[in-house]
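Asker: My questions are about this predicted structure, shown below with the sequence.
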Amino acid sequence: MFVPTTMEEVSARGWDALDVILVSGDTYTDNAYNGTAVMGHWLIDHGYRVGIIAQPRTDDGSDITRLGVPELFWSVSAGCVDSMVANHTPTGKFRKEDDFTPGGVNDRRPDRACIAYTNLIKKHAKGKPIILAGVEASLRRIAHYDMWSDSVRRSVLFDSKADGIIYGMAELATLEVAARIRDGLPWGDVRGTCTASRTIPEGAIVMPSYEECSSDRGAFMRAFRIFRDNNDPVTASTLVQAHGDRYLVHNRPQRHLTTAELDAVHGSDYMDEVHPYYARDGHVKAMDTVRNSVTTHRGCYGDCSFCAIAVHQGRTVVSRSEDSVVAEVERMASKPSFNGIVRDVGGPTANMYGIECGLKTAKGACRDRRCLGDNPCPRLPIDHSRQIRLLRRISDVPGVRRVFVNSGIRHDMILADVHHGPAYLEEIVSHHVSGQMKIAPEHTSPHVLKLMGKPGSDKLVRFKSMFDECTLRAGKEQYLTYYFIAAHPGCTGDDMADLSRFCHDTLRTVPEQVQVFTPTPSTVSTAMYHCGTDLRGRPVRSERSMQMKQRQKETVVKPSARGHPRGEGRGGSDGKGPRRR
């Protein structure tokens, strides 16, 4: 059942008011891939009255006031992507298209949406707390480098004048905040939240202030290291960062959901459609990607330097039960519109399902090493057997003809799993690849890969050989799709030329999935980009010219002038598919 977005729907549920109103920069698609929909169903399932206002007009109050004022609080999200990333390319051009807007024209989401929507509410519907949530607020919760203004900006809490931030995966923190506001209790110390204060809480770690970070790159890096070291719910402390005469209080992260709780999140009664109120405005392309797809887990311990998933979802993987995943596919297959094809079984990284370090869950993530990096930690019990079993169970669901894995796969994990990795790859290649298998080596230069936190190119060569052999045995014409990044900190034009030669001579392809590095807030790579050093203070040069960034990309994607063939041999790419790791 849809979460109400009109007063008629509110009345139809027998409600005379709403406890929480969720505001989003994306249109309202009712599925578990939409964080706003997830939060709406989660709160309703726990007894709260909730409504959604998606992509409200900002030039008047007609949209933002149509559901009235909530009894408890407003929850504001820019959507599933930072609004500046959604609206602008890495080279600064405005994006004309938007997959999350009906009709596909990018004309509904404002820049810095958290700020714009908070101001809209304060102007037309003030009176109740405004709490920011979602990726944009989560990654901008402390003083952060902003590429679009080329400056260090304050926490979005202060720039928006909101009452608080719920960061990360917000189910538990939102429930606790809602209960405390309902019961008239203070909520400023709830784990997983940020609030403003005139005083420093006892025992908190004091970070360099916004003023220090904005004027001193060394202070910025010190603050970032403190922030990064306190992102695990097991080991983190409360942080504070002065902004003028007030303090940002960054409470400890909320605990991760249990498997049973994650099953409950995905077991709600989603409609898996665009809400009719918004569907009348046109086709929503984002639904094409996620319809008839299933998420098996959340979190990622790849911890790639350039990626925000570890900052937002966490470095701990929480997996759903096999029964929960299969039950969702059974519901999917029972619908008259189901065509027999499960488009994707995956998550941030498809083959992390069911694999996690017991030491990490008990004592927290290690601060001195990555779980994967160049070589997987020996304590990480990499075992793909559970994933093989899950894929076979899904394939046996009545009505299912094909099951695909279109989420990205960590090839180094397959290589590390000597007992079940080869069987997993055989299973994927034989039954679950729709022509192309996505992997993200990102680069081939050793020093760039080290800065990225990615494995060496020797593992890529070994994996390609395994894949080609599996494909040959399966008798199928299938290819690897490679994802690479240009202009990452530490990467030069010569490094990209080496990458181009490697792709041509070793991979026998000219990749088309090459992205220019975007310095998104609160990632390790962005800190390196801004500060000119790595986390240990060693110099790292970054390309800052938009023209030269584009030239780095074109060194790889447009080498035909030098006589390099396109898409030659196995491992070719047609550039289709979303980037997911």
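Answerer: Sure, I can see it.

Asker: name the helices or strands packed onto the helix ranked longest in the chain?
Answerer: Secondary structure of the chain per DSSP state H: the longest helix is helix 457-474. If you count contacts as 3 or more CB pairs under 8 Å, 6 or more residues apart in numbering; DSSP states H and E, helix 457-474 packs onto helix 411-416, helix 421-431, strand 436-442. Heads up, the C-betas are built off the backbone N, CA and C, glycines and all.

Asker: how about the ones you listed in JSON lines, adding mean pLDDT and distance to Trp42?
Answerer: As requested, the helices and strands packed on helix 457-474 are exported to JSON lines (pLDDT from 0 to 100; distance: least, CB to CB, whole Å):
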{"stretch": "helix 411-416", "mean pLDDT": "97", "distance to Trp42": "31"}
{"stretch": "helix 421-431", "mean pLDDT": "96", "distance to Trp42": "32"}
{"stretch": "strand 436-442", "mean pLDDT": "93", "distance to Trp42": "30"}
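
Asker: Redo these as a markdown table? Include distance to Leu449.
Answerer: What follows is the helices and strands packed on helix 457-474, written out as a markdown table (distance: least, CB to CB, whole Å):
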| stretch | distance to Leu449 |
| --- | --- |
| helix 411-416 | 11 |
| helix 421-431 | 21 |
| strand 436-442 | 7 |
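
Asker: closest to Arg389 out of those?
Answerer: For the helices and strands packed on helix 457-474, the distance to Arg389 is smallest for helix 421-431, at 9.9 Å, taking CB to CB.

Asker: and that closest one, how far out from the chain's middle?
Answerer: 26 Å (CA atoms, centre = their mean, to the nearest Å).

Asker: same question, stretch 544-563
Answerer: 27 Å.

Asker: Contacts for it, please.
Answerer: Here stretch 544-563 makes contact (CB atoms under 8 Å, 6 or more residues apart in numbering) with 90-92, 484, 486-487, 491, 493, 496-497, 499-500, 503-504, 510-512, 514-517, 543, 566.

Asker: can you check stretch 26-34 too?
Answerer: Residues contacting stretch 26-34 (CB under 8 Å, 6+ apart): 2-3, 5, 24, 36-38, 52, 54-55, 79-80, 100-102, 108-109, 265-266, 268, 270-275, 277-278, 284, 286-287, 290-291, 293, 295.

Asker: in a helix, that's where Gln241 is, yeah?
Answerer: No - with DSSP: H, G, I helix; E, B strand; the rest coil as the criterion, Gln241 is strand rather than part of a helix.

Asker: tell me the secondary structure for Arg222?
Answerer: Assigned with three-state DSSP, Arg222 falls in the helix class.

Asker: tell me which residues of stretch 429-441 are tucked away?
Answerer: By 16 or more other CB atoms under 10 Å, the buried positions in stretch 429-441 come out as 429, 432-433, 436-441.

Asker: swap in stretch 192-209?
Answerer: 192-196, 204-205, 207-209.

Asker: how far does it sit from the chain's center?
Answerer: 26 Å.

Asker: pLDDT of that stretch, averaged?
Answerer: Here stretch 192-209 scores 97 as its mean pLDDT.

Asker: and the end-to-end length of that stretch?
Answerer: 21 Å (CA to CA, to the nearest Å).

Asker: Please apply the same query to stretch 528-546.
Answerer: Counting by CA to CA, the terminal residues of stretch 528-546 are separated by 17 Å.

Asker: Kindly report the same for stretch 211-220.
Answerer: 10 Å.

Asker: Stretch 485-496 too?
Answerer: Using CA to CA, the span of stretch 485-496 from its first residue to its last is 9 Å.

Asker: Going by neighbour count, which residues in it are buried?
Answerer: Per 16+ other CB under 10 Å, stretch 485-496 contains these buried residues: 485-492, 495-496.

Asker: List the residues that contact the spatially most central residue of the chain.
Answerer: Computing the C-alpha centroid of the chain and ranking residues by CA atoms, centre = their mean puts Ile309 first, at 4.5 Å. Residues near Ile309 by CB under 8 Å, 6+ apart: 299-300, 302, 348, 581.

Asker: that older thread, out of the buried residues of stretch 429-441, the closest to Lys122 would be?
Answerer: Ranked by distance to Lys122 (CB to CB), these are led by Ala440 at 41.2 Å.

Asker: From Asp263, how far out is the nearest residue to that closest one once chain neighbours are set aside?
Answerer: Distances taken as CB to CB, 6 or more residues apart in numbering place Tyr483 nearest to Ala440, at 4.1 Å, with adjacent residues excluded. Applying CB to CB, to the nearest Å, the value for Tyr483 to Asp263 is 31 Å.

Asker: repeat for Arg109
Answerer: For Arg109, the distance to Asp263 - CB to CB - is 32 Å.

Asker: just Leu185 next, same as before
Answerer: 29 Å.

Asker: before we move on, what about Arg66?
Answerer: Using CB to CB, one gets 34 Å for the distance from Arg66 to Asp263.

Asker: How about Pro376?
Answerer: 27 Å.

Asker: And Ile121, by the same measure?
Answerer: Distance, Ile121 to Asp263, by CB to CB: 34 Å.

Asker: Looking at these two, which is more packed in?
Answerer: Taking other CB atoms under 10 Å, Ile121 and Asp263 do not tie; Ile121 has more neighbours (23 against 18).

Asker: Helix, strand, or coil at that one?
Answerer: Strictly by three-state DSSP, Ile121 counts as helix.

Asker: Hmm, Ile130 and it touching each other?
Answerer: Yes - counting by CB atoms under 8 Å, Ile121 touches Ile130, with 5.7 Å between them.

Asker: any common contacting residues for these two?
Answerer: Taking CB under 8 Å, 6+ apart as the criterion, Ile121 and Ile130 both touch 74, 76.

Asker: Now find how far off-centre stretch 236-244 is within its chain.
Answerer: For stretch 236-244, the distance to the chain centre is 24 Å (CA atoms, centre = their mean).

Asker: what comes up buried for that stretch?
Answerer: Counting neighbours by 16+ other CB under 10 Å, stretch 236-244 gives 236, 238-243 as buried.

Asker: do the same with stretch 363-373
Answerer: For stretch 363-373, burial by neighbour count (16+ other CB under 10 Å) applies to 364-366, 370-373.

Asker: Off-centre distance for that stretch?
Answerer: Centre-to-centre, stretch 363-373 and its host chain are 20 Å apart (CA atoms, centre = their mean).

Asker: That one - what's its average pLDDT?
Answerer: pLDDT averaged over stretch 363-373 gives 90.

Asker: cool, and stretch 47-64?
Answerer: Mean pLDDT, stretch 47-64: 97.

Asker: ok but Leu175 is inside a strand, no?
Answerer: No - applying three-state DSSP, one finds Leu175 to be helix, outside a strand.

Asker: can I assume it is in contact with Asp45?
Answerer: No - in this structure, Leu175 is not within contact of Asp45 by CB under 8 Å, at 10.1 Å.

Asker: if you count what's nearby, which of these two comes out ahead?
Answerer: Using other CB under 10 Å, the more surrounded residue of Leu175 and Asp45 is Leu175, with 18 against 14.

Asker: Who's the closest spatial neighbour of the more buried one, skipping the chain neighbours?
Answerer: His46 (5.9 Å).
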